[in-house]
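Enquirer: My questions are about this predicted structure, shown below with the sequence.
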Amino acid sequence: MVFNNLFFLFAFLPLAWVAYSLIRNEKAKNIFLLAASLLFYAFGSLTDLCVLLILGAWTFVSGLQLDTEDEKGRQRTFWISAGFLVLVLCFYKYIPYWFSALKLRFPIGISFYTFSAVSYLADVYRRKVPVQKNITAFGLYLAFFGKVNMGPISEYHQLEDQLVSRTVSLKKSGSGALMFVRGLVKKVVFADQIALAYALLANDSSVLGAWLLGLAYTFQLYFDFSGYSDMAIGLGRLFGFDIPANFDHPYTALSVQDFWRRWHIALSSWFRDYVYIPLGGSRAGERAYVRNILIVWVLTGIWHGPNLTYIAWGLYYGALLLFEHYYGKRVLEKVPRPARIVLIFLVANTGWVFFANPSLSSAFSQLGCMIGLGSSGLASQTAFYVLTTFGVLFAGCVLFSSSLFDRTERTTICAKYGNAVWLGIYIAAFLCCVILITASTSHAFLYFAF
């Protein structure tokens, strides 16, 4: 089941929320929410549910084991238990790529909940948090339906205090509902519609076509994934959870490092806390710093998939961050703020070319077309059609991916017209999404593939 689905919007979610709100006992509320989450996940595949339950049970028991052993035994248990989780993830993620005849089904969300499970084991092993002995609370951490499919990857210590008991107020629920609608609009109105432009340009080799293709994917990926993240955060609030933000207007970043403080924050934080810092971070000397950055970014690429394009994408950002660290900061400081935003946006847009293409040859072919190498000309009829037909949508993507809209919402609209008018806008936006979903112009989330 997915969030941009009429059954979820008009049956599963309202029934689950009403039933949850009517239950007064905290323990019973958690049991109900876990059962609802497992039912939600089972709609996708019972096989996927079995994988989730097995890995969840393994992690829960491993955590209990860590709590009873001496230091040497704890270390052994941690590496065995975390290693098993990573091996299972690699099996489902990479074996089908190398041995396509196996026809393995890729469990939805396994890349996300596996990293959440490793986070739990690492936090318990480091004695950062006490072991969770309540299996219902632990199950909610791993399988809450708001984040099980595509994250955000919440580190255990971020949600620990909320797992057993949470406060749900009308204000918090209202905030969650609005956040969910905002995410739905990002997905259905922006991501899915710009995807139509991307599909039209898939075989266009003109300079304009190659640029529009890159821009279409750049905006589609952002609105698709940040839209899901907003919906997940909104659902969390509806049921009392405070899930940390996963995006912070990354296309307004002023440096490459700043971009990665704003894009997929949960994944960046996970690699920082569980890979980069344990390797020594930037404190182990210059050579170690370079090594650690490259290791983290190769692993980040591999996490997305086995294609060489993902590894190239990871190396691209690793190299850019190193260049920026040693040389780029002095240069960027002299560049005016608007020009810096455009520059970093173009850097991100170039990186997504590797991300979007199935092979390095097709990625370099598109990059070549963007600068006129191997292109069929400056522009094609298809490129002009997309520019004229989707031009307003592209402009909307620029506006709504910036922080300008948020500032307008908080100040001009709410102050001038009041919250009631703003609520009406949200309701109208929700109805617009329903119409588009009914018309079958809504698509699966891109990050389901990861």
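Expert: Perfect, I can see it now.
Enquirer: what about the closest residue to Gly280 other than its chain neighbours, how many residues close to it?
Expert: The spatial neighbour of Gly280 that comes closest, neighbours along the chain excluded (C-beta to C-beta, 6 or more residues apart in numbering), is Ala288 at 5.2 Å. Any C-beta I mention is one placed from the backbone N, CA and C, and that applies to glycine too. The burial count assigned to Ala288 is 14, neighbours taken as other C-beta atoms under 10 Å.
Enquirer: host element of Ala288?
Expert: Applying DSSP states H and E as the criterion places Ala288 in helix 286-304.
Enquirer: Then Ala57?
Expert: Per DSSP H and E: Ala57 is located in helix 46-66.
Enquirer: Give me the packing partners of the helix holding Ala288, helices and strands only.
Expert: When contacts are defined as 3 or more C-beta pairs under 8 Å, 6 or more residues apart in numbering; DSSP states H and E, helix 286-304 sits against helix 265-271, helix 308-323.
Enquirer: Just list what the shortest one packs against, helices and strands only.
Expert: The criterion is 3+ C-beta pairs under 8 Å, 6+ apart, and the helices and strands that helix 265-271 contacts are helix 110-125, helix 286-304.
Enquirer: Looking at the helices and strands packed on helix 286-304, which one is packed in the most?
Expert: Comparing those on average neighbours per residue, with mean count of other C-beta atoms under 10 Å, the densest one is helix 265-271 at a mean of 21.
Enquirer: With only the CA atoms kept, save it in CSV.
Expert: The C-alpha coordinates for helix 265-271 follow below in CSV (Å, rounded to 0.1, in the frame of the first residue of the first chain):
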residue,chain,number,x,y,z
ILE,A,265,19.4,14.4,6.0
ALA,A,266,18.6,11.0,7.6
LEU,A,267,20.9,9.0,5.3
SER,A,268,23.7,11.6,5.6
SER,A,269,23.4,11.6,9.4
TRP,A,270,23.4,7.8,9.5
PHE,A,271,26.7,7.5,7.5
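Enquirer: Now tell me what touches it from outside.
Expert: Contacts to helix 265-271, defined as C-beta atoms under 8 Å, 6 or more residues apart in numbering, come from residues 115, 119, 151-155, 244-248, 260-261, 296, 299-300, 303.
Enquirer: Show the buried residues in those residues.
Expert: Buried subset of the contacts of helix 265-271 (neighbour count, 16 or more other C-beta atoms under 10 Å): 115, 119, 151-155, 244, 246-247, 260, 296, 300, 303.
Enquirer: okay if I get these as a markdown table plus distance to Lys172 and pLDDT?
Expert: As requested, those are exported to a markdown table (distance: C-beta to C-beta, whole Å; pLDDT from 0 to 100):
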| residue | distance to Lys172 | pLDDT |
| --- | --- | --- |
| Phe115 | 27 | 95 |
| Ser119 | 25 | 95 |
| Gly151 | 21 | 81 |
| Pro152 | 18 | 91 |
| Ile153 | 23 | 91 |
| Ser154 | 17 | 86 |
| Glu155 | 22 | 85 |
| Pro244 | 15 | 91 |
| Asn246 | 19 | 94 |
| Phe247 | 21 | 94 |
| Trp260 | 30 | 95 |
| Val296 | 35 | 95 |
| Thr300 | 33 | 95 |
| Trp303 | 32 | 93 |
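Enquirer: can you redo these as JSON lines with distance to Lys187?
Expert: Formatted as JSON lines, those follow (distance: C-beta to C-beta, whole Å):
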{"residue": "Phe115", "distance to Lys187": "23"}
{"residue": "Ser119", "distance to Lys187": "26"}
{"residue": "Gly151", "distance to Lys187": "15"}
{"residue": "Pro152", "distance to Lys187": "15"}
{"residue": "Ile153", "distance to Lys187": "19"}
{"residue": "Ser154", "distance to Lys187": "21"}
{"residue": "Glu155", "distance to Lys187": "25"}
{"residue": "Pro244", "distance to Lys187": "20"}
{"residue": "Asn246", "distance to Lys187": "14"}
{"residue": "Phe247", "distance to Lys187": "13"}
{"residue": "Trp260", "distance to Lys187": "23"}
{"residue": "Val296", "distance to Lys187": "29"}
{"residue": "Thr300", "distance to Lys187": "24"}
{"residue": "Trp303", "distance to Lys187": "22"}
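Enquirer: Spell out the residue ranges of the helices in the stretch 1-150 of the chain.
Expert: Ranges of helices in the stretch 1-150 of the chain, per DSSP state H, counting those that start in this stretch, are 6-7, 13-22, 26-42, 46-66, 71-98, 110-125, 135-143.
Enquirer: can you give me the mean pLDDT across the second one?
Expert: Mean pLDDT, helix 13-22: 95.
Enquirer: so how far is the helix holding Ala57 off the chain centroid?
Expert: Offset of helix 46-66 from its chain centre (C-alpha atoms, centre = their mean, to the nearest Å): 23 Å.
Enquirer: Using CSV, write out every CA atom in it.
Expert: Below are the C-alpha coordinates for helix 46-66, written out as CSV (Å, rounded to 0.1, in the frame of the first residue of the first chain):
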residue,chain,number,x,y,z
LEU,A,46,3.3,-11.3,2.5
THR,A,47,6.8,-12.4,1.6
ASP,A,48,8.1,-8.9,2.3
LEU,A,49,6.3,-9.0,5.7
CYS,A,50,8.0,-12.3,6.5
VAL,A,51,11.4,-10.7,5.8
LEU,A,52,10.6,-7.7,8.0
LEU,A,53,9.4,-9.9,10.8
ILE,A,54,12.5,-12.2,10.7
LEU,A,55,15.0,-9.3,10.6
GLY,A,56,13.0,-7.5,13.3
ALA,A,57,13.0,-10.6,15.6
TRP,A,58,16.8,-11.0,14.9
THR,A,59,17.5,-7.4,15.9
PHE,A,60,15.3,-7.5,19.0
VAL,A,61,16.9,-10.8,20.3
SER,A,62,20.4,-9.5,19.4
GLY,A,63,19.7,-6.4,21.5
LEU,A,64,18.7,-8.5,24.5
GLN,A,65,21.9,-10.5,24.0
LEU,A,66,24.0,-7.4,24.0
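Enquirer: Fine by me, thanks again.
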